[in-house]
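1. Sequence and predicted model, in that order:
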Number of protein chains: 2
Amino acid sequence: MAKIVHEREDVLPALGEVFREHGFEGASLAIIQARTGLGKGSLYHFFPGGKAEMAKAVLAHIDRWFEDEIYRPLREDEDARAAIARMLASTDAYFRSGNRVCVVGVFALGETRERFAFAVADYFARWREALRDALVRAGHPPEEAADLSEDAVLTIQGALVLSRAVKDTAVFTRALARLKTRLGV
Amino acid sequence: MAKIVHEREDVLPALGEVFREHGFEGASLAIIQARTGLGKGSLYHFFPGGKAEMAKAVLAHIDRWFEDEIYRPLREDEDARAAIARMLASTDAYFRSGNRVCVVGVFALGETRERFAFAVADYFARWREALRDALVRAGHPPEEAADLSEDAVLTIQGALVLSRAVKDTAVFTRALARLKTRLGV
DNA sequence: CTCCGTCCGTACCAATCAGTACATTACATA
DNA sequence: TATGTAATGTACTGATTGGTACGGACGGAG
């Protein structure tokens, strides 16, 4: 028994994929065990709070990634336009051109939202605000920047839904191309 | 026992709300019984195929509504611009300004998609095509019409995700206002 | 009034659910 | 090499899952 010693951090990516594909309710412990390669012993050792704690950890992990790769650059980079362009590129890479869906978006729909209300709301609010900041620095009037940033965030989510619904990643690619134009980068 | 005699059609709205709020996996028979007021006997009498058949019936019911209220008017109305404007109004009403989420969108994300692949893809494909038709008749070049219609459909879905995520229906309202401008109605 | 198919409530089923308990193993440190 | 803690597998729990079986109640047709 007890072959390899894991660390909590190591299983977060696999855990994220499970929640991404099955949602919170649909992610059974059986699936989680299979996909992480960990038994219940390890799982409850790393996440004493069970599934809820796993989901919280996944959300925090994702949040950290977006903060580092997207939000902070949008807020702080000298060249705001370049930061916006990089945001679109990073978004395309992260969501694998629409092949991957947004965990936070999945949680937002459905009853699950209430259990993770703050994390869900915060993820989107910070994205919207960081992008608005960058747009203002790129020369857009504040009002217009707020409108554009909200539109961009929601367009990305909608593109994920639609491209997955019709099973055509070109939908996502086209949506990002339109955003490039609209955001002027 | 056996107080009131129901008809299958009568329970579809309640059934739709259950799937809307909980998704397919999350909608347990217990919840369905509570919300429809029907016991298992009735449920399996009307839907011998169980949950899967209930979901199929709900999707068909929704599809019928959109066909009658949105797609056909978009394709056939004399005044294409007026039909587009009415689409936006109907959409706002149907989704209760963002308070209600899209069942088909919920199914599209998540593993559920595969089980109802055709219905999910068809719903969005027909919406996109009907709107494109209307836009062409309203004077847009075919290419631009295709682009605009895809953008509109995906914007609505994204607006539902975002407005529910940040719990602010103003997001949905603003998104529809932007669409009004973009679609020229 | 009788009868029959539709409708319905309840008891039941095996399977699976999330979670707990605990003994055993791995491993860093001393 | 000894020892304590972290990590792990397994067996178990009670609750809930979707689904079936079936007997009884309903209401229209005759």
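-> Cool, got the structure. Numbers count the residues shown, from 1 in each chain, chains lettered A, B, ... in the order given.

2. Mind listing residues that contact the helix or strand hosting A:G105?
-> Using DSSP states H and E, A:G105 falls within helix A:103-108. By CB atoms under 8 Å, 6 or more residues apart in numbering or on different chains, the list of residues contacting helix A:103-108 from outside reads A:16, A:19-20, A:23-24, A:55, A:58-59, A:62, A:112-113, A:116, A:119-120, A:123-124, A:157, A:160-161, B:109-110, B:161-162, B:164-165. In short, each C-beta sits where N, CA and C put it, glycine included.

3. ok, how many other residues are close to A:R96?
-> Neighbourhood size, A:R96 [other CB atoms under 10 Å in any protein chain shown]: 11.

4. cool, A:E143 as well?
-> Counted with other CB under 10 Å, A:E143 comes out at 9.

5. how about the helix or strand hosting it: buried residues?
-> Taking DSSP H and E as the criterion, A:E143 maps to helix A:142-165. The neighbour-count check on helix A:142-165 (16 or more other CB atoms under 10 Å in any protein chain shown) flags A:145-165 as buried.

6. Does the helix or strand just after that helix reach chain B?
-> Downstream of helix A:142-165, the next assigned helix or strand under DSSP H and E is helix A:170-183. Yes. Applying CB under 8 Å from any CB of the partner chain, one finds helix A:170-183 in contact with chain B at A:171, A:174-175, A:178.

7. same check, this time on stretch A:24-41
-> Yes. With CB under 8 Å from any CB as the criterion, chain B is reached by stretch A:24-41 at A:25-26.

8. Quick check: end-to-end length of that stretch?
-> Using CA to CA, to the nearest Å, the end-to-end distance of stretch A:24-41 comes to 20 Å.

9. Poorly predicted segments of chain A, please.
-> A:1-5 (pLDDT under 70).

10. For the closest residue to A:N99 other than its chain neighbours, list the residues it contacts.
-> In space, and not counting its chain neighbours, A:N99 is closest to A:T169: 5.9 Å by CB to CB, 6 or more residues apart in numbering or on different chains. Taking CB under 8 Å, 6+ apart, we find A:T169 in contact with A:97-99, A:163.

11. Would you convert those residues into a markdown table that also reports distance to DNA strand C and secondary structure?
-> Formatted as a markdown table, those follow (distance: CB to the nearest atom of the strand, whole Å; DSSP: H, G, I helix; E, B strand; the rest coil):
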| residue | distance to DNA strand C | secondary structure |
| --- | --- | --- |
| A:S97 | 30 | helix |
| A:G98 | 28 | helix |
| A:N99 | 25 | coil |
| A:S163 | 28 | helix |
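
12. So stretch A:55-73, near chain B or not?
-> No. Contact of stretch A:55-73 with chain B (CB under 8 Å from any CB) is absent, the minimum separation being 12.1 Å.

13. can you give me how far that stretch is from the chain middle?
-> Distance of stretch A:55-73 from the chain centroid (CA atoms, centre = their mean, to the nearest Å) equals 7 Å.

14. ok, residues contacting that stretch?
-> If you take CB under 8 Å, 6+ apart as the criterion, stretch A:55-73 is touched by A:8, A:12-13, A:15-16, A:19, A:24, A:47, A:49, A:83, A:86-87, A:90-91, A:94, A:103-104, A:107, A:115-116, A:119-120, A:122-123, A:126-127, A:130.
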